[in-house]
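>>> Here is a sequence together with a model predicted from it:
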Amino acid sequence: MVDLDDPSLFTNRELSWLEFNRRVLAQGMDADVPLLERLRFIAIFSSNLDEFFMVRVAGLQDQVAAGLRKRTPDGLTALEQLEAISRRVRPMVDQSTVALHEQVLPLLARRGVGVVHAADLDERALNRLREQFEEKIFPVLTPLAVDPGHPFPYISNLATSLAVTVRDRKTGLTKLARVKIPAVLPRFWQVPGSTRAWVPLEDIIQWQLEALFPGMDVTESHLFRVTRNADVEVDEDDAEDLLLAIQQQLNRRRFGAVVRLEVAADMPKQTVKRLQEELDVSGTHTYEVRGLMGRADLAQLADIDQPTLRYDHWTPSPHPRLQPREDGTAMAVERMYDEIARADILLRHPYQSFESTTEHLITSAAADPSVLAIKQTLYRTSGDSPIVAALTRAAEDGKQVVALVELKARFDEEANIGWARVLERAGVHVVYGLVGLKTHAKLSLIVRQETDGLRRYVHIGTGNYHPKTARLYTDLALLTCDDAIAEDVTHLFNYLTGYARHDDYERLLVAPVALRRHLTEMIAEQTKLGSAGRIRLKLNSLHDRELIFQLYEASRAGVQIDLIVRGICGVRPGVPGISDNIRVISVVGRLLEHERILQFGEEYYIGSADWLVRNLDRRVEAMVPILDPQLKQELNDILDLTWQDDRQAWHLRSDGSWSRPTAEEGLSSQQAFMDAGRDALDGGLSAG
């Protein structure tokens, strides 16, 4: 028997996530990636790291403050994890600095696209930049003194500031002040007279600091940035109004404890010490930064209009069975219903158009007089979502419309509250989910009156109903009117909106009801087959200890197990006698791998659930079986081709480290799927 308590068999969750972010950064360091895309990957790496500190590091610090000494499956306490994180993050931040300031920005400058300092500009450009400062920047700035009469000011989350030392010309005394770099203004300002050069906002402010302190001499100014605990916790049992309770917690988020202090590398030690004392931050959580700070803002520059410095333009293909009309508009909705009724349809975004399939189905249903009801889960969506607008119109037209808006979708809470209010005002029945559970399932149910009676059409997938991320995330969805699946989805919506407790679903695997049990049973079935067994999984994250243990048992029985895991992975593959038959890869590229596919022998499932404790035990998730042989083959082809990737697929070693792809002219699975999409009109995706 495998000892489940052996820490050497598991990889730490937080350190595994950091390794995923290292793979993201590697794209920013890859000379084969277009320059503006490299800039974007550095921005994504930085944004990811911000969120990691706000949530994961904050949680560990809370554990340490509470005196908890519980160890993770890999044997680390919260304090040991914080120390390991600090050791691992520092060289990664240094790598991002080298990638940005020694590689990407100099290469962009050679192409005529530059991030410049005010001091480098000629007098004409400086005069025009000074005008912009006086008209658009100066009125927004607020210098704050720090002295016995002015206590140290509150520093908001992710705010970049200047610690300014000034000398009074009359008294000769030096004083400290803080100037916030306003987040309400653009981070990068186009150099007057240029279309390809930008100056950082903080550089402009530093250049004109004397204007903020008349009668004073500015002797020093150094950037610093604060990251706060931003994890929202709501006592749902005591919350009479969940929406109001979450709004109150969002207001408190900005006052969370400081979990990271970033300081300019040239900041004097005494100033660093003063900030640490005022913000109650230790040296372990203080990070020196060379060059630009707050690099998530680089996304602004990555979007500039320079097509030759970005990936080649690529347009998603229509689905082979959902062809547009001759004028290029989406298929007539009647024909779409006929196609779904004829046979199930498997959608894959962004290789196939989201707009002409999922979005078209829901927006058309809103206007279809034969549609009686629409039920929809909304975990994340965009500010200009056509789907939300369609639900609003449907309710105003008298249709029965239900929207389950997940208010606890992290960092989208405020946006979701806004959409919930819009929907409610239009007459949509808005539900905020179940107490103690996040609703993460991706479901749509359309009830339509047809000549032979009511028919229910179901959309169930792996991705959010978000038109913008549908162009960037790889996701799958099933369109079906299978009676058993439609009945299951109806029961699941009743469970979410009312007091119906339904624990027995015919086709769906639903968490937290029975998904874990079904997964355990399917692994056990393959384990009994030994070397004839087959398990393949494509997930975002895999870190559930019980399921990892069961995979180890299956491997010991001879089952071949192939895992495609984008992010967190707690498995240690290739350990002799334990996981010899387990292989793990992670694909990181132009698109974000987001789909979840499960294969157990000849059974295939897609859906919303990753293999984390939270997904299996604390979220409402749904996985749907793929029953049509042709659609099974499509999933099989996706797994086959992804596994052949030797350009963007990293391999996990038994020691928990990742080896990066080395092939210069090998296969990129994402590019192969894009190429196959161009041939979709001739018969759909073929990964062979």
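Cool, got the structure.
>>> Mind naming the longest helix for this protein?
Ranked by residue count under DSSP state H, the longest helix found in the chain is helix 78-97.
>>> which ones are touching the residue nearest to residue 9 when sequence neighbours are not counted?
On the basis of Cβ to Cβ, 6 or more residues apart in numbering, the spatially nearest residue to residue 9 that is not a chain neighbour turns out to be residue 572, at 5.8 Å. For the C-beta atoms, the positions are set from N, CA and C on the backbone; glycine is no exception. Counting by Cβ atoms under 8 Å, 6 or more residues apart in numbering, residue 572 touches 8, 9, 10, 11, 578, 579, 654, 655, 656.
>>> confidence score at residue 540?
In this prediction, residue 540 carries a pLDDT score of 97.
>>> swap that for residue 162, sorry
According to the prediction, residue 162 has pLDDT 96.
>>> Please report phi then psi for it.
As for residue 162, its main-chain torsions (degrees, to the nearest 10) stand at phi -110, psi 130.
>>> In this model residue 181 seems to touch it, though I could be wrong.
Yes: if you go by Cβ atoms under 8 Å, residue 162 and residue 181 touch, sitting 7.0 Å apart.
>>> which residues do the two both contact?
Jointly contacting residue 162 and residue 181 under the rule Cβ under 8 Å, 6+ apart are 202, 205, 223.
>>> Buried ones in stretch 619-636, by neighbour count?
With burial defined by 16 or more other Cβ atoms under 10 Å, the residues of stretch 619-636 counted as buried are 619-628, 631-636.
>>> Grab the nearest non-local neighbour of residue 568.
Here the residue nearest residue 568, using Cβ to Cβ, 6+ apart, is residue 541, at 4.1 Å.
>>> for the record, mean pLDDT for the helix or strand hosting residue 276?
Per DSSP states H and E: residue 276 is located in helix 269-279. The average pLDDT within helix 269-279 is 94.
>>> Sheet partners, orientation included, of the next helix-or-strand element following that helix?
Using DSSP H and E, the helix or strand that directly follows helix 269-279 along the chain is strand 286-289. Each strand that strand 286-289 pairs with, and the sense of that pairing, follows from DSSP bridges: strand 258-264 (parallel).
>>> next one: the strand it pairs with to chain centre, how far?
Put simply, strand 258-264 sits 23 Å off its chain's centre (Cα atoms, centre = their mean, to the nearest Å).
>>> And for stretch 581-593?
For stretch 581-593 - counting by Cα atoms, centre = their mean - the centre lies 16 Å from the chain centre.
>>> Show me what counts as buried in that stretch.
For stretch 581-593, a neighbour-count test (16+ other Cβ under 10 Å) marks 581-593 as buried.
>>> follow-up on the earlier one: might one say that the residue nearest to residue 568 is in contact with residue 609?
No: between residue 541 and residue 609 there is no contact, the gap being 10.1 Å when judged by Cβ under 8 Å.
>>> Of the two, give the one with the bigger neighbour count.
For residue 541 against residue 609, the residue with the higher neighbour count under other Cβ atoms under 10 Å is residue 609, and the figures read 27 against 21.
>>> residue contacts, that one?
Taking Cβ under 8 Å, 6+ apart as the criterion, residue 609 is in contact with 440, 511, 515, 596, 615, 616, 619, 621, 622, 623.
>>> Repeat the analysis, applying 6 Å as the threshold.
Residues counted as contacts of residue 609 (Cβ atoms under 6 Å, 6 or more residues apart in numbering) are 511, 615, 621, 623.
>>> So, low pLDDT: which residues of the stretch 351-500 of the chain?
Counting by pLDDT under 70, the ranges of the stretch 351-500 of the chain that qualify are 381-383, 407-416, 433, 499-500.
>>> what's the helix holding residue 276 packed up against?
Under the contact definition 3 or more Cβ pairs under 6 Å, 6 or more residues apart in numbering; DSSP states H and E, helix 269-279 sits against strand 258-264.
>>> End to end on stretch 346-353, go ahead and measure it.
Start to finish, the residues bounding stretch 346-353 are 12 Å apart (Cα to Cα, to the nearest Å).
>>> which other residues reach it?
Contacts of stretch 346-353 (Cβ under 6 Å, 6+ apart): 316-319, 357, 470-471, 475-477, 631, 634, 673, 677.
>>> cutoff 8 Å now
Contacts of stretch 346-353 with the rest of the structure, by Cβ under 8 Å, 6+ apart, involve 316-319, 357-358, 461, 463, 470-479, 591, 595, 626, 628, 631, 634-635, 638, 673-674, 676-677, 680, 685.
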